[in-house]
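Novice: What follows is a predicted protein model with its sequence.
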Amino acid sequence: MKHLLCQAFCDALEVRPVPVGWAIQTSYTDAGGDPLLMYLVRDNEKGWRVEDDGNQVPMLEACGVDLGGKSRREAFAYLLREFGARFDPEERTLCSSSLSESEIGAAAVRFMGLLLRLQDLALLSTPFVRNAFREDAITAIQHAFEGEAVIEEKGQLAQDMVGPEADVVVRAAARPPVAIYIGTSEERALHAIVSKMEAQAYRHHEGRVALLVERAKTNPVKEKTLALAYARLDGVVSYRGTERDALAKLKALAGLTSALEAAE
């Protein structure tokens, strides 16, 4: 069994010589979908060190992980200590300490553990979490309205509208369309309000506009904007924890169920 496991892990590695030493490509991917790479670099005439490709920390920052914030900075420092690595702020690289040849194997495995743990910071970052909510909500809406309405992603209530596109437009036969804006940001909530104003005041459309937020209290929409959305939109619906009721309310807005049925 040990032989089979070792063979599986080794077969997944691609090792090639490079000017500084050796490049090692693994079967694992980072949060951006690219293969995780590490380099075995000649540290001096007798020693080696393991480095990343210089992309991991910039990738984290691009994913919205603020390593300057106290909690994330402390988490990053903890991972570096746990896996015996350090970060070079000038080169933007992660690397191990100097290694003898006999230490390379264990150090490389430990360093790969660090790279994998860093992906957790990216996957738990705000943009990833919000994008996951958006994808979950759109999929749920598509299933809920299947066979009853046409679901259009990134659309408008009507062709003559020029405001920000809704995440989803529900078009049920013989009923006014419903534009659903998913509240992954303050901006998206404001887009919903602008869309409703344009449809009602300037285009005179009967279509409805709804804002779907992830949670009733903890969401990226400011309190004043949320209050304005409640006052001006046709519906503000929270999703997590009440998914079934949320979808029922959206169906009621589309005219596919009564308000009483949606409440039940």
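Specialist: Everything's here; your move. Numbers count the residues shown, from 1 in each chain.
Novice: residue ranges with poor pLDDT in this protein?
Specialist: Filtered on pLDDT under 70, the chain yields the residue ranges 5, 9, 31-32, 45-46, 63-64, 66, 69, 123-129, 258-264.
Novice: Counting by contacts, list what whatever helix or strand residue 167 lives in packs against.
Specialist: Using DSSP states H and E, residue 167 falls within strand 166-171. The contact analysis (3 or more Cβ pairs under 8 Å, 6 or more residues apart in numbering; DSSP states H and E) places strand 166-171 against helix 126-144, strand 150-155, strand 178-182, helix 186-197. For the C-beta atoms, the positions are set from N, CA and C on the backbone; glycine is no exception.
Novice: buried stuff in the longest one?
Specialist: So that's helix 126-144. 128, 130, 133-134, 137-138, 140-141, 144 (16 or more other Cβ atoms under 10 Å).
Novice: ok, of the residues you listed, which one's closest to residue 174?
Specialist: residue 144 (19.0 Å; Cβ to Cβ).
Novice: quick one: that closest one and residue 165, what's the gap?
Specialist: 21 Å (Cβ to Cβ, to the nearest Å).
Novice: cool, residue 121 as well?
Specialist: Counting by Cβ to Cβ - residue 121 and residue 165 are separated by 31 Å.
Novice: what helix or strand is the closest residue to residue 96 other than its chain neighbours on?
Specialist: With Cβ to Cβ, 6 or more residues apart in numbering as the criterion, residue 96 has its nearest non-adjacent residue at 4.3 Å, and that residue is residue 50. Here residue 50, judged by DSSP H and E, is contained in strand 48-52.
Novice: how does the protein divide into domains?
Specialist: Following automatic domain parsing, one finds the domains of the chain at 2-123, 127-263.
Novice: which one of those is the most hemmed in?
Specialist: domain 127-263 (a mean of 18; mean count of other Cβ atoms under 10 Å).
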